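1. just the structure for this:
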Amino acid sequence: MGMIYAGILAALAALLFLSRKEEIRAGADTQMFSLYFLKPALWLYKRYERDESDEENRKRNIRKERKGKRKGGSAWGKKKEAGLRLREELQLLYPAGAEERFRRYQVEKLSGLLLVCFAAAVIGGLIRISGGMEQRLTEDGWLRRNSYGEGETDVRLKGQVGGTEGWEQEVELTLSERRYTGQELDEMIPQVRAALEQEIQGENETLDEIRSSLSLPSQVKGYPFQITWKSGNYELIRADGTVNNEEVREKGEIVEVTAVLSCYEDIWEESFSVRVCPPVLTQEEKREQLLLEEIEKEDEAAAYEEGFWLPQQAEGEEVVWTEERSDSSLLIFLLVTGMGIVQYRFMDDDLRKRLEKRERQLLLSYPEFISKLTLLMGAGLPVRAAFMRMASDYQKKKSNGTNYVYEELLLACREMESGITEIEAYEHFGLRCRLPQYRKCVTLLVQNLKKGSAGLLAALQEEAQNSFEERKRNAREEGERAGTRLLLPMMMMLAVVMVLILVPACFSFAGM
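-> Below is the predicted model of the structure:
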């Protein structure tokens, strides 16, 4: 897997190098992390466009399409259909420069996919490297164990007996940590005694003047000894270090406190002479001392050596040992890559939502549009002049936001200014709006140009009246939809109110 991750990163590095001379600017809605892969994505997309424009490929694709139609449709045909549909949707959202928007849209999608591949390869590689750093078995068969105090560890091994023609078997074993030798333990005793002399004092200043409880630890940090305590006078000093000095005279009494140190099968005893003096603590401090307890820790087992040699032979044949380690990098790589593919696959959902928003706005804007058109034509303006007037008014108020119907109106006016006939401009306007209301309006305008203006104003007035009735119906639908959205917040507020009422009531009943 490490070679796969390295290959992916090398391929991305090569793409970055090959695309270094490409020029592309990030859009306002381009994701920040995708900026680094815009140039490689543009370089790949140009190669893809060049291959698609090749004459021989086009002929082969046509043959595939014809053959696919006989079989119920080909994958290439479906892909081409999806591309055409995407171009049409972008044409509706961005009338000016739709081809460039389609190209940038594809480049940004490809850039996001490259970013996900880079992230997946980096994460997978790091997990792979971290797993390799924990390898315990060397090539010559030396198995390393944990050092002192690091605890046991589980290792999976695979032994191959008799070479490639023999047999192999996986084994699991638990490695204990390294143990101390007897000499090392003897050398630690003086250090442990010095540490205990300081620690058992607790809050007392010296062992010659004990007025509060002793601190008798079960273990000294950094040493492998388990400690138990014995007292020479349990009436004065208990095994847990509690001091009963209420009846002690002013001169105090000497008590021997013995620490029994054990490690493996060996035992050492260290005695400390302490003088128990009468207490001088306040009653509050005494109570506090009685409530305090020390948390004991168990001594962990240790081993004598850093590691051991694995068997080199079995049944007279040579054994080759390898360590089986868990490698979750592939899973992480697949998950991250899968997320990238899903994100790439469903990136068009945002485009669909914007298209639905556009159609909804066109539907809601129709009553205003038809009313204004009827008003201007009723004032004596021809259709073309009415369109120019509405477009001019919209340009003055465009800072308030984008209105798609007036954007299409502006485009229709520019088409007429560029030489396209009025009939074609109106028909294009209806096709871009796509809604049946606009198509009906365009039909009336085209009939006016072809057959004369008799009855056009009356038809437009009737259409305006019908549009207002439809607007009322749309307003009711919007209100119902808003009520549905508010249902969940209202239920959450109801739950909060119930808690505010029931909790004080429960406490009042509990107080009774």
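
2. give me the low-pLDDT residue ranges for the stretch 1-150 of the chain?
-> Filtered on pLDDT under 70, the stretch 1-150 of the chain yields the residue ranges 1, 25-36, 51-80, 82-83, 90-91, 93-98, 130-141, 146-150.

3. and A482, how many residues sit next to it?
-> Neighbour count of A482, defined by other Cβ atoms under 10 Å: 9. Using the backbone N, CA and C atoms, a C-beta is placed for each residue, glycine as well.

4. ok, now R178?
-> Going by other Cβ under 10 Å, the residues that sit close to R178 add up to 19.

5. all further residue positions should be reported with the first residue as 39.
-> Renumbered: residue one is now 39, and that last one reads R216.

6. over to it. Which of the three states is it?
-> Here R216 is recorded as coil under DSSP: H, G, I helix; E, B strand; the rest coil.

7. test my guess that it contacts E190.
-> No - in terms of Cβ atoms under 8 Å, R216 does not count as a neighbour of E190; the distance is 11.1 Å.

8. residues in contact with the residue nearest to M454 when sequence neighbours are not counted?
-> Counting by Cβ to Cβ, 6 or more residues apart in numbering, M454 lies nearest to A463, which is 4.7 Å off, once chain neighbours are set aside. For A463, the contacting residues are A450, C451, E453, M454, by Cβ atoms under 8 Å, 6 or more residues apart in numbering.

9. pLDDT score for A463?
-> If you check A463, the pLDDT there is 89.

10. cool, the one 3 residues further on as well?
-> With respect to pLDDT, H466 scores 89.

11. and if you look at the one 10 residues further on?
-> In this prediction, Y476 carries a pLDDT score of 88.

12. and the contacts of the one helix or strand it maps to?
-> According to DSSP states H and E, Y476 maps onto helix 474-489. Here helix 474-489 makes contact (Cβ under 8 Å, 6+ apart) with 400-401, 404, 408, 411, 421, 443, 460-461, 464-465, 467-468, 471, 494, 497-498, 501, 505, 508.

13. packing partners of the helix or strand that that helix is followed by?
-> Downstream of helix 474-489, the next assigned helix or strand under DSSP H and E is helix 494-523. The helices and strands touching helix 494-523, judged by 3 or more Cβ pairs under 8 Å, 6 or more residues apart in numbering; DSSP states H and E, are helix 386-416, helix 474-489.

14. same for the helix or strand following the first one, what does it pack against?
-> Translated: helix 386-416. With elements assigned by DSSP H and E, the helix or strand that comes after helix 386-416 is helix 421-434. In terms of contacts (3+ Cβ pairs under 8 Å, 6+ apart), helix 421-434 is packed against helix 386-416, helix 442-455, helix 460-471, helix 474-489.

15. any chance of JSON lines for those, columns distance to C315?
-> Listed next are the helices and strands packed on helix 421-434 as JSON lines, based on distance: least, Cβ to Cβ, whole Å:
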{"stretch": "helix 386-416", "distance to C315": "80"}
{"stretch": "helix 442-455", "distance to C315": "93"}
{"stretch": "helix 460-471", "distance to C315": "100"}
{"stretch": "helix 474-489", "distance to C315": "102"}
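
16. out of the ones you listed, nearest to Q236?
-> Nearest to Q236, of all those, is helix 386-416, at 68.0 Å by Cβ to Cβ.

17. need phi/psi at the nearest residue to L223 once chain neighbours are set aside.
-> Closest residue to L223 apart from its sequence neighbours, by Cβ to Cβ, 6+ apart: C301 at 5.6 Å. When quoted as degrees, to the nearest 10, the phi and psi of C301 stand at phi -150, psi 120.

18. T191 now?
-> With angles defined as degrees, to the nearest 10, T191 sits at phi -150, psi 150.

19. and if you look at L181?
-> Main-chain dihedrals, L181, degrees, to the nearest 10: phi -110, psi 120.

20. how close does it sit to G240?
-> 45 Å (Cβ to Cβ, to the nearest Å).
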